Structure formats: C-alpha cells, structure tokens
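> take this sequence and fold it.
(one chain, ligands or ions: 2)
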Amino acid sequence: MNVLLIGSGGREHALAYALVKSKRLNKLFAAPGNPGIGQLAEIANLKISDHAAVIAFCRDQQIGFVVVGPEAPLVAGLVDDLKAAGIPAFGPTKFAAQLEGSKGFTKDLCAKYNIPTAAYERFKAEAPALAYLKKMGAPIVVKADGLAAGKGVTVAMTLAESEAAVKEIFAGRFGEGECVIEEFLEGEEASFFVLTDGVDVLPLTTAQDHKRVGEGDTGPNTGGMGAYSPAPCMTNALCDEALEKIVKPTVKGLAEMGHPYTGVLYAGLILTAQGPKLIEYNARFGDPETQVLMIRLESDLIDLLLATTNSTLKGKVAAWKKQPALTVVVAANGYPGDVQKGSPINGLNQDFEKGVEVFHAGTALDGEALVSNGGRVLNVTATGDDIRSAQAKAYRVVDAINWTDGFCRRDIGWRALEK
Ligand code: AMP
Ligand code: GLY
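Numbering: from 1, shown residues only. Ligands and ions are numbered 1, 2, ... in the order given. Alright, predicted model coming up:
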C-alpha cells in the first residue's frame, strides 16, 4: 500500500526508516518531511494544517494509510477528518488526544479511575492559584494546561519560583491562562510505550530520555537531548504494574466516554517509593525515544500500526532486538533558546559503523548542501552489545560529523551506566 507519513522531525525519520522495511509498503510519501526522510520517501508538497488538501492528496495518490507523527495535527483533528473521509489514519482522534493536549483532562481521568499520579488542583484564575501555593509550600510543580512543547512545566524548589510560574501562565505566555498545580514526586523517570486499538493493549518497550540541556541533567528543559532503550529501571514487574494500574484503566476510561483511544500511548512515569506514577501522557511516539525504538524493532511496523488502527491488535506481538540502543541529539548552539539556521553540515556521506543510523531532525537542503534548520538537528543512533558500547559507537559517529555550529551532551546514558 501507499503510506503518507506526517511530520518532519527525527521521530518521523526513524518511523520512515522502519516503514520502508515493511513488506506491505508500496510507496512512502512524507509531508513536510526533511532531507533525511527525503532519502526514503517522496516529499509531498502539502500544508498539513490544510486537512482538505491532505485528503485530496491521499485520494490522488491512492494512499491506503496515513501515519501521523507529531501531536499538533492530532490535537487539530487530522485523524478525525481523514477517518471521516474514509482514509485509515494512525493516531488518536482530537478528543482522545486530549490525554496529551490537556493536563486537566488527564488529571480528571486519573482521579475518576484511581490511576496513580501526583495530587493536583486546577486553576482558572491567578489569585486562587497563588493562595494554594502559599498553603502547600515548595517544592511544588506548576504546569500550563495545553501544549507548550515541554516548556510549560516548572518544577519549583522555592515558593517564589512557583509564584513566578503561575504569574507567567496567567499573563498568557502559553495562550489561554489555565494551570495545574501538583505535588512534587521523587523518583527515576522512564517512558513506557503501548499500542492500543481502544480495547486491546500491546506493550511495546521502554526508554529513558534526557530532558535537560546540560550534562548531569541540569539547565533548562528541552524536547530531549538523547535517549536509550530499554530503560534498565523498568523491570518486567514494573511494566506489568504500569500496564495494569495506569495504562489499561486509561484505555478503558476513554472507551467508556465513547471515544476509544487508538494509536500509540506514551506514558511518562516516575518510579516513586509507592510504585510507578503517571507524570504525563503523550498521544504520539516520543522524540528522540522513537529513534531508539525503531532501530530495535524487528516486527513489521505497518503491520502493527494498521492493526492498531483497524482494531485487530489482539494477539499481535512486537519483537525487539535484544541489543539496547542509544541516541545522541546534536543541537544548534543556543538550543533550547534562539538558534541560527542555515549553517552547513558536512561528513554525513560516509559509511558509518554497522548498527548506526543518523536520523535527521531540523535539517534542510540549501541547493545541494545540507544545512541546519532548527533546534534539534541530528540524532546519532546506535545499537550495541550493551549501553556502554552503543554510547561509544554513537559518540564516535558524532565526532566524525563536521558541523561547527552544533553541540551535544557527552553523557547520554549516564543513569543506565551507573547501574
Ligand atoms: P511534563 O511536561 O508533565 O512531562 O513535565 C516535564 C518534566 O517535569 C517531567 O519530565 C519531570 O521531570 C518534571 N515533572 C513533572 N511533573 C512532576 C512532578 N509531579 N514531580 C516531579 N517532577 C515533575
Ligand atoms: N522526549 C520527550 C517527548 O517526546 O515528549
């Protein structure tokens, strides 16, 4: 079949890498794509926010399946519109994507179904939020409701910090002012991915990412500076516990609302002394976690994603390479702040070691030349016999790439290596 992949990041390059291995694929198209994806797919000249144009393109090119990578088109209802037009599309509906799009929605669902998560309150006005902070004290966590590209969360160690965060939200920094204030939880974080067709749940695997820009997990939050899979802290027992206490009740809850969740569900967990608790859901694959997942995936990706979409997930299994994988994000200097675009990247046209893939994120072509085009630019991804060897391999390739205006963290995987 012909498949259209929506998105332009490292996650989508990794999905494209797995999609083109599928026996079911005839031709892969991508929009907006990037130069790395362009080596595997035909880039469609499409504005993905124009759903009518996407539908027309699908009809024109006989697209049998659309795979939506990022959250924004999900929250905008692209899957709803494609399905209404009779085009199978992977990903949750706009309603179900609220699991990611609205922290308040998810928190209310957790309360209703007894899903372990941080205690919280929702506020629509500044004064009661500030009064609540005074009552609770620090440490405490302040979150803007809605999508904020990972930048809407403040883990405040002092009352002053938490008050500043609340004021920023109600000043409209993240759009409509509404915030969630929640209990500060302590523990190691891990990501757990499942596919669900709304009834059955197929656990995929686990990963851990490094959200902070600086070594030792310090400095501002980013979209993620690196990741590895599996997460050593996520034992089989903890995966089972997360599945039974967190994921399954969520899937059941959405089905009971009449809006079954179909797609990948990414649970961001924190492993507290009381067991795993939910920090957040994402309604899509993680970025850069997908890069390490896809390099480890042995099953046919189209087969799994189609079964998810067609409600035939029951009995499916996902097979993974035993070898772990690790990815290093190479970002433009200045990230997660303002960055310069258009700086030339050289050294990618060489034969790298076996078990290495360089996924493109924010890249573009300037004539024939590859240039940077965003904050996170390349994802150097490697498998190895253990995390240490995957890490060494990834950094050897990072060092072989010639790009003077970028940087990376040199300690990706440190938590796994300490174990
Ligand atoms: P989120 O966007 O909700 O995933 O939050 C971003 C990051 O903030 C998480 O990955 C955690 O590191 C941290 N965080 C969020 N909620 C809490 C919490 N209740 N307690 C401690 N840290 C948190
Ligand atoms: N790496 C974090 C995310 O995809 O949300």
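> how about the secondary structure of the most centrally placed residue in the chain?
For the chain, the residue nearest the mean C-alpha position is residue 286 (1.9 Å; CA atoms, centre = their mean). What DSSP: H, G, I helix; E, B strand; the rest coil gives for residue 286 is coil.
> same question for the one 5 residues further on.
Assigned with three-state DSSP, residue 291 falls in the helix class.
> name the residues that touch stretch 266-277?
Contacts with stretch 266-277, where a contact means CB atoms under 8 Å, 6 or more residues apart in numbering, come from 116-118, 185-194, 233-234, 238, 241-242, 245-247, 278-286, 289. Where C-beta positions appear, they are placed from N, C-alpha and C, glycine not excepted.
> that stretch: end-to-end distance?
13 Å (CA to CA, to the nearest Å).
> contacting residues for residue 82?
Contacts of residue 82 (CB under 8 Å, 6+ apart): 51, 54-55, 58, 66, 88-89.
> which regions of the stretch 151-300 of the chain lie under the pLDDT threshold?
151 (pLDDT under 70).
> residue 194 falls within a helix, correct?
No: according to three-state DSSP, residue 194 belongs to no helix; its state is strand.
> for the residue nearest to residue 230 when sequence neighbours are not counted, name its beta-bridge partners.
Leaving out its chain neighbours, the residue that sits closest to residue 230 by CB to CB, 6 or more residues apart in numbering is residue 206, at 4.8 Å. Here residue 206 sits in beta bridges with residue 192, going by DSSP bridges.
> next, count neighbours for residue 206.
24 (other CB atoms under 10 Å).
> my guess is it meets residue 188, correct?
No: Residue 206 is beyond contact range of residue 188, at 11.6 Å (criterion: CB atoms under 8 Å).
> pull out the buried positions in the helix or strand harbouring residue 3.
Assigned by DSSP states H and E, residue 3 belongs to strand 2-7. Buried residues in strand 2-7, defined by neighbour count with 16 or more other CB atoms under 10 Å: 2-7.
> stretch 363-374 now?
363-364, 370-374.
> so of these, which ones are in strands?
If you go by DSSP state E, the buried residues of stretch 363-374 have 363-364, 370-372 in strands.
> residue 258 - that's part of a strand, no?
No: counting by three-state DSSP, residue 258 is not part of a strand but coil.
> how many residues are close by it?
Using other CB under 10 Å as the criterion, the residues surrounding residue 258 number 7.
> same check, this time on the one 5 residues further on
By the other CB under 10 Å criterion, the neighbourhood of residue 263 contains 28 residues.
> partner residues bridging it?
With DSSP bridges as the rule, residue 263 is bridged to residue 196.
> mind checking how far it is from residue 283?
6 Å (CB to CB, to the nearest Å).
> what of residue 299?
In this view, residue 299 and residue 283 are 22 Å apart by CB to CB.
> higher neighbour count, the two?
residue 283 (25 against 16).
> what sits against the more buried one?
Counted by CB under 8 Å, 6+ apart, residue 283 has contacts 71, 74-75, 91-92, 96-97, 99-101, 261, 263-266.
> now, of those, which are buried?
The neighbour count (16+ other CB under 10 Å) marks 71, 74-75, 91-92, 96-97, 99-101, 261, 263-266 as buried among these.
> among those residues, which are in strands?
Counting by DSSP E, these contribute 263-266 to strands.
> of the residues you listed, which are in range of ligand 2?
Near ligand 2, taking CB under 6 Å from any ligand atom as the test, no member of those is found.
> next one, pLDDT for residue 143 please.
At residue 143, the predicted lDDT confidence score is 88.
> is ligand 2 within reach of whichever strand or helix holds it?
Using DSSP H and E, residue 143 sits in strand 140-144. No: under the criterion of CB under 6 Å from any ligand atom, ligand 2 is not reached by strand 140-144; the shortest gap measures 13.9 Å.
> if we can go back for a sec, chain center to the strand holding residue 3: distance?
17 Å (CA atoms, centre = their mean, to the nearest Å).
> now do the closest residue to residue 23 other than its chain neighbours against ligand 2, distance only.
Nearest residue to residue 23, sequence neighbours excluded (CB to CB, 6+ apart): residue 300, at 6.1 Å. Per CB to the nearest ligand atom, to the nearest Å, residue 300 is found 24 Å from ligand 2.
> need phi/psi at residue 300.
phi -80, psi 120 (degrees, to the nearest 10).
> and for residue 80, the neighbour number?
By other CB under 10 Å, neighbour count at residue 80 equals 19.
> hang on, it packs against residue 92?
No: in this structure, residue 80 is not within contact of residue 92 by CB under 8 Å, at 9.4 Å.
> in stretch 114-127, what counts as buried?
115-118, 120, 122-123, 126.
> repeat for stretch 52-69
54-55, 57-58, 63-69.
> does ligand 2 have contacts with it?
No: judged by CB under 6 Å from any ligand atom, stretch 52-69 stays clear of ligand 2, getting no closer than 10.6 Å.
> in TSV: the buried residues of stretch 114-127, plus secondary structure, distance to residue 323 and pLDDT.
Shown next, in TSV, are those (DSSP: H, G, I helix; E, B strand; the rest coil; distance: CB to CB, whole Å; pLDDT from 0 to 100):
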residue	secondary structure	distance to residue 323	pLDDT
115	coil	33	98
116	coil	32	98
117	strand	33	97
118	coil	35	95
120	strand	39	89
122	strand	43	88
123	strand	46	92
126	helix	51	94
